[in-house]
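K.L.:
Provide a 3D model corresponding to the input given below.
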Amino acid sequence: MTGQGTLKDWIGQTLQAELTPSFLDVVDESHLHAGHSGARPEGETHFRLDVVSAAFEGKSRVERHRLVNGALAPAFERGLHALALKARTPAEAG
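P.N.:
Numbers count the residues shown, from 1 in each chain. Below is the predicted model of the structure:
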């Protein structure tokens, strides 16, 4: 994880490289968690992700979440506190 750009940008770039999604939406919801556990004044602690990828084919919901969390492990080590995650296959996305 480099120090350039926002965490949101890094998350998007990392998931593009790791999962080659056909759809990816990364939303920083940190402002909604101000004053809560894990929140920081500078934000970038809470994100909502919607990922559609063929990499999820044949995988359970837990396995899909592990793929995403594994790819984003460096961000958790640097202050990412929470992800709300929707991980679908292209067929599930319609």
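K.L.:
do a quick rundown of the helices in the chain.
P.N.:
7-19, 61-71, 73-77, 90-93 (DSSP state H).
K.L.:
so which of the ones you listed is the most packed in?
P.N.:
Each of those was scored by mean neighbour count; the highest is helix 7-19, a mean of 17, by mean count of other CB atoms under 10 Å. C-beta coordinates here come from the backbone N, C-alpha and C atoms, glycine included.
K.L.:
what are the contacting residues of that one?
P.N.:
For helix 7-19, the external contacting residues (CB atoms under 8 Å, 6 or more residues apart in numbering) are 1-2, 21, 24, 26, 28, 44, 47, 49, 51, 53, 55-56, 67-68, 71-72, 75, 80.
K.L.:
still on that earlier bit, and the helices of the chain, which one's lowest on average pLDDT?
P.N.:
Note on these: lowest mean pLDDT is at helix 73-77, with a mean of 92.
K.L.:
so which elements touch it?
P.N.:
Here helix 73-77 is seen to pack against helix 7-19 when contacts are counted using 3 or more CB pairs under 8 Å, 6 or more residues apart in numbering; DSSP states H and E.
K.L.:
follow-up on the earlier one: closest one to Ala84 among the helices of the chain?
P.N.:
When those are ranked by distance to Ala84, counting by CB to CB, first place goes to helix 61-71 at 10.8 Å.
K.L.:
relative to helix 7-19, how tilted is that closest one?
P.N.:
Using axes from the mean of the first three to the mean of the last three CA atoms, to 10 degrees, one finds that helix 61-71 and helix 7-19 are set 120 degrees apart in direction.
K.L.:
could we number from 246 for the rest of this?
P.N.:
Taking 246 as the first residue, the last one we looked at is helix 306-316.
K.L.:
pull the CA atoms of helix 306-316 into CSV?
P.N.:
Taking only C-alpha atoms (Å, rounded to 0.1, in the frame of the first residue of the first chain), the coordinates of helix 306-316 have been written out as CSV:
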residue,chain,number,x,y,z
ARG,A,306,-20.5,-15.8,0.8
VAL,A,307,-17.8,-16.4,3.5
GLU,A,308,-15.2,-17.4,0.8
ARG,A,309,-16.1,-14.3,-1.2
HIS,A,310,-15.6,-12.0,1.8
ARG,A,311,-12.3,-13.7,2.6
LEU,A,312,-11.1,-13.0,-0.9
VAL,A,313,-11.9,-9.3,-0.6
ASN,A,314,-10.6,-9.0,3.0
GLY,A,315,-7.4,-10.8,2.0
ALA,A,316,-6.8,-8.4,-0.9
